[in-house]
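Student: No letters, just coordinates:
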């Protein structure tokens, strides 16, 4: 056991010191997911069309193969290595478009906008990892259009946002939630109430914190605004403007992981589109300065962000003879970034890349015209989401929580733990007064050895404690932050 743990520690230290560079060169070949006679398109409001949990990867899109836009679904049960057949999710004479998907354990949730009765938001779910599906549930019912939904899940609570034209000739952002895994739904709640255009909302959730960002046209230049709830949507704090006053902004994407929150969008700066990244280290209360990603002479646009543990993954399109997808990663909650990597190189029109991560893998899907019409493509990197995942194929004989290293630390340290069987794990950080300052893990993990980085850059020097709860195992250890 000592030899194994020493080896794991050495591997972790080497990966940290090298910035994980070798781990991120393993992008797999492009995989064509659709092969239909009609257009296959992803949602164009940065809503997530891909979700993953454990070895299951779920994808939704809108497809014109039947002479009408319908919602289709496809899944992989082995982490994206192989894929099942397409499943048609809707069957009505009106167009069904712009789906969004979220997953918790074996329950998969899908929303979309549908024109069968006006343009309304519809929902359906699967409780067996996408094998069978419920009937469609109509979530909105008003005289005007309801568009571009985005969905997020935390436990049994499901949250949906969309933009809605019921109030005037303009549009506002609306919110709706379910507390019982989508069986019943609450009332529509307006998050904006203006006579201008608030559009293309994106949503992410971490525990009781709900984060919503959208494109807002209340001034001549479109801006990105943000609003949060810290109590599962019961109350909402005032909105915050995230983007620059000077430059017009595009459609946002937002993702929360523990207390780290990331947002991306594009801005038209001095004649070029640039992808902008912004982070909050305290759950959206305050935001750091904006960062331009891939700041070179080529336009970058259509960004997507996904945060997982301490990792933040961003994809974007970069202009050239044809636009290609670029990927960039931060291993420490968006506080530092590796060099962007080009992950596609086919001369074809590409649109709407969307990024997701689970286990050690990063998953990317996009729409692609390389096959004479638009089809959905997928690729993955099986090692790019390292840092909090299984480090060994050996199964531990018992639960363990190891001393962090280095200790003392400034500001990053690694915490390791071992699980002899699949368990729901929580790993929390507390200060000397017993106040919880960070949740590092809160999910089901398979058996194995794990390591996770903790970044204390926004904390004061002092003594902290980290506590694990897994099955019946509870243990606490002490660590010291010195700045």
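Tutor: Arrived safely, thanks for sending. Since this is a predicted model, take the numbers as computed values, not measurements.
Student: which regions of the stretch 251-400 of the chain sit below the pLDDT cut-off?
Tutor: Along the stretch 251-400 of the chain, segments meeting pLDDT under 70 span 258-259, 386-394.
Student: Repeat the analysis, applying 80 as the threshold.
Tutor: 258-260, 295-296, 309-310, 331-333, 359-360, 385-394 (pLDDT under 80).
Student: mind listing the strands in the stretch 151-300 of the chain by residue range?
Tutor: 157-164, 172-178, 189-190, 198-206, 209-216, 223-229, 240-241, 253-257, 260-269, 272-280, 291-293, 300-308 (DSSP state E, counting those that start in this stretch).
Student: In CSV, list those along with mean neighbour count and distance to residue 454.
Tutor: C-betas here are computed from N, CA, C, even on glycine. CSV is the format used below for the strands of the stretch 151-300 of the chain (neighbours: other Cβ atoms under 10 Å; distance: least, Cβ to Cβ, whole Å):
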stretch, mean neighbour count, distance to residue 454
strand 157-164, 26, 27
strand 172-178, 23, 31
strand 189-190, 15, 35
strand 198-206, 26, 16
strand 209-216, 26, 19
strand 223-229, 23, 23
strand 240-241, 16, 27
strand 253-257, 26, 13
strand 260-269, 25, 11
strand 272-280, 22, 16
strand 291-293, 16, 22
strand 300-308, 25, 15
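Student: of all those, which lies closest to residue 482?
Tutor: strand 260-269 (22.0 Å; Cβ to Cβ).
Student: one step back: any chance of the strands of the stretch 151-300 of the chain in a markdown table, plus distance to residue 34?
Tutor: Formatted as a markdown table, those follow (distance: least, Cβ to Cβ, whole Å):
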| stretch | distance to residue 34 |
| --- | --- |
| strand 157-164 | 25 |
| strand 172-178 | 30 |
| strand 189-190 | 35 |
| strand 198-206 | 24 |
| strand 209-216 | 28 |
| strand 223-229 | 31 |
| strand 240-241 | 38 |
| strand 253-257 | 23 |
| strand 260-269 | 26 |
| strand 272-280 | 27 |
| strand 291-293 | 29 |
| strand 300-308 | 19 |
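Student: what about stretch 198-212, distance to the chain center?
Tutor: Remark: stretch 198-212 is offset 11 Å from the chain centroid, using Cα atoms, centre = their mean, to the nearest Å.
Student: Ok, stretch 344-362 next?
Tutor: 13 Å.
Student: Which one, of the strands of the stretch 151-300 of the chain, ends up nearest to residue 479?
Tutor: Here strand 260-269 is closest among the strands of the stretch 151-300 of the chain (Cβ to Cβ), at 18.9 Å.
Student: Identify whichever of the strands of the stretch 151-300 of the chain lies nearest to residue 356.
Tutor: Among those, strand 300-308 sits nearest to residue 356 (Cβ to Cβ), with 5.3 Å.
Student: continuing past the closest one, what's the next helix or strand?
Tutor: strand 311-318 (DSSP states H and E).
Student: tell me what that following strand is packed against?
Tutor: strand 253-257, strand 260-269, strand 272-280, strand 300-308, strand 324-330, strand 350-358 (3 or more Cβ pairs under 8 Å, 6 or more residues apart in numbering; DSSP states H and E).
Student: Need those strands in CSV (columns: distance to residue 478).
Tutor: As requested, the helices and strands packed on strand 311-318 are exported to CSV (distance: least, Cβ to Cβ, whole Å):
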stretch, distance to residue 478
strand 253-257, 25
strand 260-269, 23
strand 272-280, 28
strand 300-308, 27
strand 324-330, 28
strand 350-358, 31
